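Peer 1: give me the fold of what follows.
(chains A and B)
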Amino acid sequence: MSCAIHARDLRFRYPNGVLGLDGLDLRVTHGERVAVLGPNGAGKTTLMLHLNGLLAGAGELEVAGIRVGHGDVRALRAAVGLVFQDPDDQLFMPTVREDVAFGPLNLGASPEDAVARAAEALAAVRMEGAGDRAPHQLSLGQRRRVAIATVLAMRPRLLVLDEPSASLDPRARRELLEVLGRLDRTMLVVTHDLPFAAELCERAVVLSAGRIAADGPCADILGDAALLAEHDLELPAGCDLARIRLRTPADPLAGVPAPQPAWE
Amino acid sequence: MSAAALHRSGIAGDPASPIHRLDPRAKLAGFTAITLVAVSTPLAGWPAFAACAVALAAIAGVARVGPGVVWARARVVLPLVVFAAVFVPFVRGGPEVAVGPLSLSEAGLETFLLVSAKAAIGTVSAVLLGATTGFPDLLHGLERLRAPRLLTLIAAFMYRYLFVIADEARRMRAALAARAYHPRHALQSAALGRVVTALFLRSYDRGERVYVAMLARGYDGRMPRLAALAFRRVDVVFLAALAAVLVPARILSVAA
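Peer 2: Reported below is the predicted structural model:
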């Protein structure tokens, strides 16, 4: 079976001369959840836009069995779901239902099928009742979950999330983790939130100056304080990795156990 | 317009009323007809104005949109129109009538009454349409009535992002106020110009990001359609009832 992502010597430079990717090699197999870590400007978003054919650099890139830049762009966009950081960029239709149905309709689904897929996707992110609401009536956490639904409705084989936990309050963040923990799908999670990565992803790669600087099990990467410091990453003070259990589709509620009362 | 005013707009009255549940196309056609009848009638044809007013009052009654809501919304546009017309009686020539200590042009007074009546009926029509029809439904109705696709698309994006931009403007204003910005005269308002510039640049950037997000979901230049609208018997009854009131009144006013 082909890899979910197979990038070889991927290079990209923006028109203004800024280096985006500098010989990136990455291989992700189906079903893996990979955290992409790295400081600002490391090339994380550039990589994300490459996966969907929105940017095209030199080198070889195959995503979900499709050679990017050679194959069918529509099939590629159906196979790869990008969830952008600001849900206000992603949700542009007057109602949530229309927004979630936008992708399936573009892929040629009938209106009935699109509505059914929208309902299914909204249920997957636990936003069943929000179909008729306008995006501006939702909280940031709800909008982010709807943004994920807009992509799930396209039934992608690979889900790419850009900073999914940014500016969420602890409750919205936990709800998001539970929703994502349930999804049985190949996932690439671009994030600065290291405990978030530890709860969701079994593998992590560190991106630095447009190339992969480290690749390994998430617990090992996050446990290597010297490596994190070298790439301007750090765990929050007092964060105990040993207590974080990985959420899996079979056990989406694992997360961080509640603290034990001191008197027990 | 403040963000709070934006959030106050939209559906009012009883959302389950027969008027609210009409097909948006029927409502668009009905309210447009009322406005056209009012606009095309001369002052001598006052029964037509009365018929329009009765029709609007009946619709408001069925939809349970109270006079307070209508007034609060009409207030935004109505004074501008009436303000423009209020000077006509003073500047128009011809025979004059004395109203208290003032001597007013008769023809000018007629023009003022005519403009006010037409403006009031047109404005209340629009207010009732907006209070009984959600904006997305209105756009669907316009689309199905073959309004230019580009215009409905622009209106849809404007509706969606008006809230986002109003929110950004509110935050920037708060940030200015938090640093003790309190302009006393026009020369000190240069900072406001920069806020507007920043807002424009941000909105432009956002436009680019929205477009990329649309491409990522397979957008190929054509906006897909989702809901089909159904024109039912009750919509036909609504339009027929309006016609029964408006057509005789308009014909009578021609005869007059």
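Peer 1: list the contacts for A:His231?
Peer 2: A:His231 makes contact with A:37-39, A:42, A:206, A:208, A:213-214, according to C-beta atoms under 8 Å, 6 or more residues apart in numbering or on different chains. Every C-beta, even on glycine, is put in place using the N, C-alpha and C of the backbone.
Peer 1: and if we set it to 10 Å?
Peer 2: Contacts of A:His231 were listed using C-beta atoms under 10 Å, 6 or more residues apart in numbering or on different chains, and they are A:37-39, A:42, A:206-209, A:213-214.
Peer 1: then B:Ala60?
Peer 2: Counting by C-beta under 10 Å, 6+ apart, B:Ala60 touches B:13, B:19, B:66-67, B:69-70, B:124, B:127-128, B:131-132.
Peer 1: buried residues in stretch A:108-116?
Peer 2: Using 16 or more other C-beta atoms under 10 Å in any protein chain shown as the test for burial, stretch A:108-116 gives A:109, A:114-115.
Peer 1: just give me the longest helix of chain B.
Peer 2: As assigned by DSSP state H, the longest helix anywhere in chain B is helix B:149-178.
Peer 1: tell me the gap between that one and the middle of its chain.
Peer 2: Centroid separation between helix B:149-178 and its chain, computed with C-alpha atoms, centre = their mean, to the nearest Å, is 18 Å.
Peer 1: need the helix or strand of chain B with the lowest average pLDDT.
Peer 2: The weakest-scoring helix or strand in chain B, judged by mean pLDDT, DSSP states H and E, is helix B:3-8 (a mean of 54).
Peer 1: coming back round to it: okay, the contacts of B:Ala60 in JSON lines with secondary structure next?
Peer 2: Rendered in JSON lines, the data for the contacts of B:Ala60 read as follows (DSSP: H, G, I helix; E, B strand; the rest coil):
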{"residue": "B:Gly13", "secondary structure": "coil"}
{"residue": "B:Ile19", "secondary structure": "coil"}
{"residue": "B:Gly66", "secondary structure": "coil"}
{"residue": "B:Pro67", "secondary structure": "helix"}
{"residue": "B:Val69", "secondary structure": "helix"}
{"residue": "B:Val70", "secondary structure": "helix"}
{"residue": "B:Val124", "secondary structure": "helix"}
{"residue": "B:Val127", "secondary structure": "helix"}
{"residue": "B:Leu128", "secondary structure": "helix"}
{"residue": "B:Ala131", "secondary structure": "helix"}
{"residue": "B:Thr132", "secondary structure": "helix"}
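Peer 1: next, A:Ala103: phi, psi?
Peer 2: Quick fix: residue A:103 is Gly, not Ala. A:Gly103 adopts backbone torsions of phi -60, psi -60, taken as degrees, to the nearest 10.
Peer 1: surely it touches A:Leu91?
Peer 2: No: applying C-beta atoms under 10 Å as the test, A:Gly103 and A:Leu91 come out as separate, 11.9 Å apart.
Peer 1: overlap in contacts, these two.
Peer 2: Between them, A:Gly103 and A:Leu91 have A:149-150 as joint contacts when contacts are counted by C-beta under 10 Å, 6+ apart.
Peer 1: count the residues that sit near the one residue in the stretch 151-264 of chain A that gets nearest to chain B.
Peer 2: When scored by C-beta to the nearest C-beta, the stretch 151-264 of chain A has A:Met154 as its residue closest to chain B, at 6.6 Å. A:Met154 has 23 neighbouring residues, counting by other C-beta atoms under 10 Å in any protein chain shown.
Peer 1: same question for the one 3 residues further on.
Peer 2: Using other C-beta under 10 Å, A:Arg157 has 17 other residues around it.
Peer 1: please report phi then psi for it.
Peer 2: Torsion angles at A:Arg157 (phi, psi; degrees, to the nearest 10) stand at phi -90, psi -20.
Peer 1: repeat for the one 5 residues further on
Peer 2: Taking degrees, to the nearest 10, you get phi -100, psi 110 for the backbone angles of A:Asp162.
Peer 1: quick check: bridge partners of it?
Peer 2: When bridges are taken as DSSP bridges, the partners of A:Asp162 come out as A:Val190.
Peer 1: what distance do you get for it to A:Ala147?
Peer 2: Separation of A:Asp162 from A:Ala147 (C-beta to C-beta, to the nearest Å): 10 Å.
Peer 1: which residues do those two both contact?
Peer 2: A:82-86.
Peer 1: for those, name the two members farthest from one another.
Peer 2: For these, the farthest-apart pair by C-beta to C-beta is A:Leu82 and A:Asp86; their separation is 12.5 Å.
Peer 1: compare these two and say which is more crowded by neighbours.
Peer 2: Using other C-beta under 10 Å, the more surrounded residue of A:Leu82 and A:Asp86 is A:Leu82, with 25 against 20.
Peer 1: wait, what's in contact with the more buried one?
Peer 2: Neighbouring residues of A:Leu82 by C-beta under 10 Å, 6+ apart: A:48-49, A:51-52, A:54, A:90, A:147, A:151, A:156, A:158-162, A:188, B:212-213, B:215-217.
Peer 1: can you rerun that using 6 Å?
Peer 2: By C-beta atoms under 6 Å, 6 or more residues apart in numbering or on different chains, the residues touching A:Leu82 are A:52, A:160, B:216.
Peer 1: what's stretch A:181-200 in contact with?
Peer 2: When contacts are taken as C-beta under 6 Å, 6+ apart, the neighbours of stretch A:181-200 outside the stretch itself are A:4, A:30-36, A:44, A:158-163, A:165, A:177, A:180, A:201, A:204, A:218, A:222, A:235, A:239, A:244, A:247, A:249, A:252, A:255.
Peer 1: let me see the mean pLDDT of stretch A:233-253.
Peer 2: Model confidence over stretch A:233-253 averages 86 on the pLDDT scale.
Peer 1: end to end, how far does it reach?
Peer 2: The first and final residues of stretch A:233-253 sit 26 Å from each other (C-alpha to C-alpha, to the nearest Å).
Peer 1: all strands of chain B, in order?
Peer 2: With DSSP state E as the criterion, chain B has strands at B:96-99, B:102-105.
Peer 1: so which of those is the most surrounded?
Peer 2: strand B:102-105 (a mean of 14; mean count of other C-beta atoms under 10 Å in any protein chain shown).
Peer 1: and that strand, how far out from the chain middle?
Peer 2: Distance of strand B:102-105 from the chain centroid (C-alpha atoms, centre = their mean) equals 33 Å.
Peer 1: same thing with stretch B:54-64?
Peer 2: Offset of stretch B:54-64 from its chain centre (C-alpha atoms, centre = their mean): 17 Å.
Peer 1: cool, stretch A:56-75 as well?
Peer 2: Averaging C-alpha positions (C-alpha atoms, centre = their mean) puts stretch A:56-75 19 Å from its chain's average.
Peer 1: give me the residues contacting that stretch.
Peer 2: Defining contact as C-beta under 6 Å, 6+ apart, one finds that stretch A:56-75 is touched by A:2, A:5-12, A:21, A:51, A:53, A:76, A:79-80, A:157-158, B:218.
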